[in-house]
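# need a 3D model of the sequence below.
(chains A and B)
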Amino acid sequence: KQEVTQIPAALSVPEGENLVLNCSFTDSAIYNLQWFRQDPGKGLTSLLLIQSSQREQTSGRLNASLDKSSGRSTLYIAASQPGDSATYLCAAPPLDGNQFYFGTGTSLTVIP
Amino acid sequence: DAGVIQSPRHEVTEMGQEVTLRCKPISGHNSLFWYRQTMMRGLELLIYFNNNVPIDDSGMPEDRFSAKMPNASFSTLKIQPSEPRDSAVYFCASSLDGGLLTEAFFGQGTRLTVV
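As a prediction, this is how the structure comes out:
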């Protein structure tokens, strides 16, 4: 079974700081890797999807990288803003499975 | 498209009662997932449909849980009888053909409280 781990579990940074969230997975044979954002009491919003053949994806201030060989992905957030405060989850569906295996998330707080 | 629509948003019920959660996937998506989220266990897949057919229901915790997808635009998750330990947020998600190849879009969830 795919195991997905996210470090750190919680992160608090001052506004304007650049930051990196980490995601590691045990089964590197994956369809893709997706990063999601979840605001308190809300559903998950897809941020970035990296196909298994890609190394990175960018959307605005967000950049996600994928290293399948080491079973790792990082989400880089540039010039953080208070509105970025949320829980960020990654999901890595394995080729021999039927589901998105989620990490437990990183709770991010950006302090004004 | 309005996205994945779930109803109700909140449900409070007494132990032993039947609970039905509803989901309308994004039009054109033919993969649908039901997840449960708790603080202790995070997001857990309950069941996965592809083209209205249940593909994997190994995550359904007990026979008290059942799910149907009578057509491409509607799915239900039923708990009968409900128990306090079923209290959680239940999410429905959908994606395009290929199931796991494309982005998954989640609904806002149904927060279930069983007292």
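
# spit out the contact partners of residue 82.
Picked chain A for this. A:P82 makes contacts with A:E15, A:V110, A:I111, A:P112, as judged by C-beta atoms under 8 Å, 6 or more residues apart in numbering or on different chains. C-beta coordinates here come from the backbone N, C-alpha and C atoms, glycine included.

# the chain in question should be chain B.
B:T13, B:E14, B:M15, B:G16, B:Q17, B:E18, B:V19, B:R64, B:L112, B:V114.

# quick check: the closest residue to B:T102 other than its chain neighbours vs chain A, distance?
In space, and not counting its chain neighbours, B:T102 is closest to B:L96: 4.4 Å by C-beta to C-beta, 6 or more residues apart in numbering or on different chains. As judged by C-beta to the nearest C-beta, to the nearest Å, B:L96 and chain A stand 12 Å apart.

# which one is the residue most central in space within chain B nearest to, not counting chain neighbours?
The centre of chain B sits closest to B:W34, judged by C-alpha atoms, centre = their mean, with a distance of 3.1 Å. Nearest-residue entry for B:W34: B:L46, 4.4 Å, with adjacent residues in sequence omitted and distances by C-beta to C-beta, 6+ apart.

# the one you found: helix or strand, and which one exactly?
Assigned by DSSP states H and E, B:L46 belongs to strand B:42-50.

# same check, this time on B:K78
strand B:74-79.

# okay, now the sheet partners of that strand, with direction.
Paired neighbours of strand B:74-79 in the sheet (DSSP bridges): strand B:19-24 (antiparallel), strand B:65-71 (antiparallel).

# could you figure out how far it is turned away from strand B:42-50?
Angle between the axes of strand B:74-79 and strand B:42-50 is 130 degrees (criterion: axes from the mean of the first three to the mean of the last three C-alpha atoms, to 10 degrees).

# got the contact list for strand B:74-79?
Residues contacting strand B:74-79 (C-beta under 8 Å, 6+ apart): B:18-25, B:32, B:34, B:46-47, B:49, B:64-69, B:86, B:90, B:92, B:112.

# again, but for stretch B:108-115
Outside stretch B:108-115, the residues touching it (C-beta under 8 Å, 6+ apart) are A:41-43, B:6-15, B:17, B:19, B:21, B:37, B:79, B:82-91.

# now do stretch A:52-67
Contacts of stretch A:52-67 (C-beta under 8 Å, 6+ apart): A:30-33, A:35, A:47-50, A:68, A:72-79.

# quick one, what contacts the residue nearest to the centre of chain B?
Residues B:C23, B:L45, B:L46, B:I47, B:Y48, B:A67, B:S75, B:L77, B:Y90, B:F91, B:C92 are the ones in contact with B:W34 under the rule C-beta under 8 Å, 6+ apart.

# would it count as being in a helix?
No. B:W34: not assigned to a helix; according to DSSP: H, G, I helix; E, B strand; the rest coil it is strand.
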